[in-house]
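# Quick one: sequence plus predicted model below, questions after.
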Amino acid sequence: MQIPIATYRIQFTPSFGFEQGKAIASYLAELGISNLYASPILTARKGSTHGYDTVNPNEINPELGGKEKFAELIAELKHLNIGWIQDIVPNHMAFDSQNHMLVDVLENGSDSQYRDFFDIDWHHHYPENQGKVLAPFLGKFCGDCLESGELQLQYEENGLTINYYSLKFPIRIESYSQVLTYDLGRIRDKLGRDHPDFMKLLSVLYMLKYIPSGEEGRERYDQIVIIKRMLWELWNDSPEVKKFIQENIRVFNGEPGKPESFNHLENLLNEQFFRLAYWKVGNEELNYRRFFTVNDLISLKIEDEKVFDTTHSCILKLVQEGTISGLRIDHIDGLYDPTQYLNRLREHAPEVYLVVEKILEPHEELPINWPIQGTTGYDFLNQVNGIFCQQSTAAEFDTIYQRFLGRKVSCEELIDQNKRLIISKHLAGDIDNLAHLLKQISGRYRYASDFTMYGLKAALVEILALFPVYRTYINSAGASKADREYIQQVMTQAKKNIPNFLNELSFIEKFLVLDIDEHLSPEDQEQWLHFLMRLQQFTGPLMAKGVEDTVLYVYNRLISLNEVGSHPTHFGISLEDFHLFNQQRSSQWPHAMNATSTHDTKRGEDMRARINVLSEIPQEWENHLKQWREINAPYKETIDGQDVPTPNDEYFFYQSLIGAFPYNDEEYPSFVERMQQYIIKAIREAKVHTEWIKPDTAYENAFTNFADRVLKDPQKNPFLEAFRPFQRKIQHYGILNSISQTLVKATVPGLPDFYQGSELWDLSMVDPDNRRPVDFDIRKQYLQDIKTKAAQDISGLITELLQTPEDGRIKLFLTYKLLQARREHLDVFQKGTYVKLSVAGSLKSHVVTFARELPDKRIIAIAPRFLTSLVKEGEYPLGEQVWHETRIVPPPGSSDVWYDAITGQKVQGEDTLWLREILQQFPVALLVNQAEAALQETEGNK
């Protein structure tokens, strides 16, 4: 297995494909990256900017450059000794006419060779869905779309389709008779009975009468191909037949204003294996599993070995060829049985580096029996972010936030309310399906036969709303101790909350802990387990939509803490907890990823680093809030009796401004536009005043207008005059936080992952803002300049970087030096233990320090924090005037000479390492045991 040294995430898009990737390969190699970590590259929906909407899992995406350009990129990377980690999507595909496997299902129903590939309930409890796939994509009710002429029957080489704007739904072959036999006498009279074209048309109609089905699947497909080919030949070769079909299609498409003229098309629609419906129907009557609440992403039954083999054949071939050395599994929690999936994948790819996108709640542990190297790093992200938040000011921030809002706010109550909101509005159909499954099962037991749908659904809603983690992983092998504890916690609280449903809750509890009655038949036991496995697939989407995509935009006390996998009630973490996390990671998951920005984070790493500074200066923050609110009061509009933005949204706005405000004046106009786009996304996600499914344009326009008035004309702007000095102050300390964060990421157990472009300042907001094009040319130029100057005069370079931190070169320099050190001392970083070091002196709480150790080698990382009280704005935490008597006790047995891998300076200290001596040139340090460093220095002089 090739364990990466450092990974670099690239978001491939039609405008940044494999050729563009090849152009930056040498830059990544020079930076010190060992593995390119790629977004999905299999064929996705045309124009996809993320690749998670796959339509063909067995083809390299032509829009990215296809197989040929991919091979060229791989060859270049191999030449540079860079590996490839591939993000794959086993949970879902696009619900789209470009998805040929799904089109086959929509066209052939139960006779499709892909019938069991997608997670569809063909025997749904709603009669109108039985034998059909719900297709909830219409912008209004189906009848309205029909009579307005928005649904159009069309014909092309692939056959007849019902089209709704860009969406195409294939007509089942048996339904062609409806269209082709309508007023058949017309074409017979026109051509005559014995005309070859008419005889050929009759042959098509005869074949349509006797379409094979069931066991004769191959014959059915062969016959369909013949029918379609003959019809296409008639269309092209016989003007009379073409005109006949065109006229029939025109009749079927009806005439707006004449409702009866749409009867033919309505009858045709009723025959299909899909049911077109208003998109909101998807939230309530869904009969297929989707990704979260996204109707146009349909889930796969990846637990089926045939489905696994078909959808993974291309990826596994690339693994077996050695093209791909690592895999990242998207949305592992969506799978029916994640453990089974990972074991199967590991069997096929025994030596691949394997990580999963798994959101771990605070204090939740990754299942130790998974055959993987760890997570993609959200757990690390929240730990490292937490140590730069001043815990002692939590109560003060509660007061400031609630005083600004004029009311009390409970995050726990918001979580409960919003999870229930998502259940009732967005996942109602999923809960309904679970309740019907449970009702079917309960009817088989005399002690549960009287349970009503109402009671079972009420119990299910309570259980789901109370779930404290994304999901449990109980399967036929049983339940882990942790999973049993989560279930017990949920059931205890549920019984307190809804005592009227104790019987229903107790019945469901037996399922959740696999307390299966011994007398049950194997079939009943299987159904019991199936219900439990199903339920586990829906706790994750509920947590994601209720908390991650709602509460994190509503509870705005300190938004740097509102991140994927965080719990916003946790106001930072202690150094003790941070060390404990790393010690556990070192022993259990030493090769997991350490991420600080990803394509899914709510804000960029340096934006968070800035906002965290506020935790150090609560009183100053509140004073400015009051001033800004007063200045901007005239810019607000009143909508339905309330000022816009509301206090909560205004509070969010100011923090976002502080975090994302650009360094460069040239970026300002685009920044204002980006802020307005971000506002729309944030308030829709919050679902308080507006939402995606029902936008309140009046509120949205009033808020974006407010932003425009507040930010326009930067030269003569009272708000910006009051705002910019404070923002610049936060910006400076944010830089110091970012530098420390970068050092920690690259040196703790695990491997550092860099999101595209984040080697310079990353002040991005949530997607799509964080997927903007990256200027790699400037990064190449900066890196070459840094390497040249570092070789000539590193002290002079450091002085220059400290004087001009705005351009981000200081972060790039640090990243480069850290990745050099990782390569030079790879054994320590990959195999060394993690040791918490003792710090003495009055400023010990301002230092994050630890050692990575092997018996013959030691490396110490030193990262300052909470610097607003130590240095003035524009100054750096360097020298005796800052650190005084603060000192670190090195690990026992250390040599007395250390070498800083960042600055090159030597530091003396056998029993004590003084920060005033270590931090003289640069704000962070990475000390290497001198015995090893001296050897490198000698080699370098040669």
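Perfect, thanks for sending it.

# Please count neighbours and contacts with C-alpha atoms only from this point.
Will do.

# just checking, next helix/strand downstream of the helix or strand hosting residue 744?
According to DSSP states H and E, residue 744 maps onto helix 718-747. Going down the chain from helix 718-747, the next helix or strand is strand 751-755, by DSSP H and E.

# Partner strands of that next one, with direction?
Sheet pairing of strand 751-755 (DSSP bridges) gives strand 7-10 (parallel), strand 593-595 (parallel).

# remind me which residues of this protein are low pLDDT?
215, 930-942 (pLDDT under 70).

# Which helix or which strand is home to the residue nearest the centre of it?
Residue closest to the average C-alpha location in the chain (Cα atoms, centre = their mean): residue 600, at 4.2 Å. Counting by DSSP H and E, no helix or strand carries residue 600.

# contacting residues around it?
Applying Cα atoms under 8 Å, 6 or more residues apart in numbering to residue 600 gives the contacts 564, 766, 767.

# do residue 362 as well
Residues near residue 362 by Cα under 8 Å, 6+ apart: 379, 565, 566, 567.

# Just give the number of residues close to the third one.
Pointing back at residue 566 there. 23 (other Cα atoms under 10 Å).

# where does it land in three-state SS?
coil (DSSP: H, G, I helix; E, B strand; the rest coil).

# I'd guessed it sits against residue 380; true?
No. With contact defined as Cα atoms under 8 Å, residue 566 and residue 380 do not form a contacting pair (10.4 Å).

# How are the helices of the stretch 151-300 of the chain distributed by residue range?
Under the criterion DSSP state H, counting those that start in this stretch, the stretch 151-300 of the chain contains helices at 176-181, 184-191, 196-209, 217-237, 239-252, 263-270.

# For stretch 843-850, buried residues please.
843, 844, 846, 847, 848, 849, 850 (16 or more other Cα atoms under 10 Å).

# you'd agree the first one is up against residue 877?
What that stands for is residue 843. No. Between residue 843 and residue 877 there is no contact under Cα under 8 Å: 11.7 Å.

# Mind listing the shared neighbours of the two?
residue 883.

# what about the residue nearest to residue 180 when sequence neighbours are not counted, how many residues close to it?
Closest residue in space to residue 180, ignoring its immediate chain neighbours: residue 245 at 6.9 Å, by Cα to Cα, 6 or more residues apart in numbering. For residue 245, the neighbour count with other Cα under 10 Å is 20.

# Ok, residue 885 next?
For residue 885, using other Cα under 10 Å, the count is 16.

# separation between it and residue 740?
Using Cα to Cα, to the nearest Å, residue 885 is found at 21 Å from residue 740.

# likewise residue 546?
33 Å.

# cool, and residue 870?
Residue 870 is 15 Å from residue 740, where distance means Cα to Cα.

# Which one of the two is surrounded by more residues?
Counted by other Cα under 10 Å, residue 870 and residue 740 do not tie: residue 740 has more neighbours, with 26 against 16.

# who's in contact with the more buried one?
Contacts for residue 740 were tallied using Cα under 8 Å, 6+ apart; they are 863, 864, 865, 923, 924.

# Most neighbours among these, please name it.
Neighbour-wise, these (other Cα under 10 Å) top out at residue 924, 29 neighbours.

# Which residue comes closest to it once chain neighbours are left out?
residue 863 (5.1 Å).

# Then residue 251?
Per Cα to Cα, 6+ apart, closest to residue 251 is residue 261, 7.5 Å.

# since we're on the one you found, how many residues are nearby?
16.

# In contact with it, which residues?
With Cα under 8 Å, 6+ apart, residue 261 has these contacts: 251, 252, 253, 254, 255.
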